[in-house]
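S.K.: got a structure for you, letters missing:
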């Protein structure tokens, strides 16, 4: 996408572009975009697909159990995406307030920053956050009234982790727990919680089925933190890669990607999900590419035409997880059509 095309596209295409680009339009192009487009880029909408996929996984598991409700699914989807956008903007707000998002920080180079980059006027940012918060609160209130204590417990856990990740006085991301929190949120909390919101109950099979996807989302963040290790370490931002070191973090990444497939196979063999989930094997070439990159130190400079630098491991893990997620969803969708085709 060039500077001359994005800002002159029809407004709907500009908004959709914020969900598909990796990662940023140029600063000159950003300044010419409409306020909604700037807000979507600043909220890192390209990564919101992981929350949409988590909602779809929860919905398909509910469908397999014969307890799917289209209204409830739509509300879960809207709630997940709104919460994710709030998390991204909150992360940037507190990163800016703490002085982490400086002009030389990786965060400033791969996507527009709502505050440090001057992308959004304070009024636009506050209005957007108010709208997102109202949406999230309305969805949460509906399910708490509808489902009671179970829904309330998941909402409370989500709010606590949202606050603890980056807003707390000692944020999880600064003590090596942010990566684990992300696994919990996009695995058991979103998939299990989404299922509970739609069905009013929770099962061990659903929690186990959330594990491969949670591992994939965790791999995205670990990859990003490896890419930012040289910046984070000297500033006392003790992400997991800072604590355990780059080599150990890259080994952890390889293990997480491998476990995505191992756990999926175990779920198939134990009859917790149908054999259709084996469609995830189509993503193996992309997994191999990500693992191959992780087996080597990051290059000193980006290849010609590379988008998203200094993100290197992060990008490979993001692209792998996106494909894995869609294939996992395909397998669960077919499993919802033929739910009794299981190996145990």
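M.R.: Ah, there it is. Please read these numbers as outputs of a predicted model, since none were measured by experiment.
S.K.: Is it correct that residue 86 is in contact with residue 129?
M.R.: Yes: using C-beta atoms under 8 Å, residue 86 is in contact with residue 129, at 6.7 Å. The C-beta positions use only the backbone N, C-alpha and C, and glycine is treated the same way.
S.K.: Give me the neighbour count for the closest residue to residue 104 other than its chain neighbours.
M.R.: Closest residue to residue 104 apart from its sequence neighbours, by C-beta to C-beta, 6 or more residues apart in numbering: residue 231 at 7.8 Å. Residues lying near residue 231 (other C-beta atoms under 10 Å) number 17.
S.K.: Am I right that residue 231 is in a helix?
M.R.: Yes: according to DSSP: H, G, I helix; E, B strand; the rest coil, residue 231 belongs to a helix.
S.K.: Give me the distance between it and residue 153.
M.R.: According to C-beta to C-beta, to the nearest Å, residue 231 and residue 153 sit 37 Å apart.
S.K.: Check residue 286 too.
M.R.: As for residue 286, its distance to residue 153 is 36 Å (criterion: C-beta to C-beta).
S.K.: okay, these two: which has more neighbours?
M.R.: residue 286 (18 against 15).
S.K.: ok, now how distant is the residue nearest to the spatial centre of the chain from residue 183?
M.R.: In the chain, the residue lying closest to the centroid (C-alpha atoms, centre = their mean) is residue 50, at 4.2 Å. To residue 183, residue 50 is 12 Å away according to C-beta to C-beta.
S.K.: Find residues that contact each of these two.
M.R.: The contact sets of residue 50 and residue 183 overlap at residue 217 (C-beta atoms under 8 Å, 6 or more residues apart in numbering).
S.K.: returning to what we had before: excluding its backbone neighbours, what's nearest the residue nearest to the centre of the chain?
M.R.: Here the residue nearest residue 50, using C-beta to C-beta, 6+ apart, is residue 217, at 5.3 Å.
S.K.: list the helices and strands the helix or strand hosting the one you found packs on?
M.R.: Residue 217 is part of helix 211-227, with elements assigned from DSSP states H and E. Helices and strands touching helix 211-227, by 3 or more C-beta pairs under 8 Å, 6 or more residues apart in numbering; DSSP states H and E, are helix 49-64, helix 178-184, helix 240-244, helix 246-269, helix 313-337.
S.K.: repeat that with 10 Å
M.R.: Packing partners of helix 211-227 (3 or more C-beta pairs under 10 Å, 6 or more residues apart in numbering; DSSP states H and E): helix 49-64, helix 106-110, helix 178-184, helix 240-244, helix 246-269, helix 284-294, helix 313-337.
S.K.: Next, the angle helix 313-337 makes with that helix.
M.R.: On the basis of axes from the mean of the first three to the mean of the last three C-alpha atoms, to 10 degrees, helix 211-227 is oriented at 170 degrees to helix 313-337.
S.K.: what's the angle between helix 211-227 and helix 284-294?
M.R.: 30 degrees.
S.K.: Just the mean pLDDT for helix 211-227, thanks.
M.R.: Mean pLDDT, helix 211-227: 96.
S.K.: same question, stretch 312-320
M.R.: 92.
S.K.: Could you pull out the buried residues of it?
M.R.: By 16 or more other C-beta atoms under 10 Å, the buried positions in stretch 312-320 come out as 312, 313, 314, 315, 316, 317, 318, 319, 320.
S.K.: which residues touch the spatially closest residue to residue 77 that is not a sequence neighbour?
M.R.: Distances taken as C-beta to C-beta, 6+ apart place residue 55 nearest to residue 77, at 4.2 Å, with adjacent residues excluded. Residue 55 makes contact with 73-81, 190-191, 194, 197-198 under the criterion C-beta atoms under 10 Å, 6 or more residues apart in numbering.
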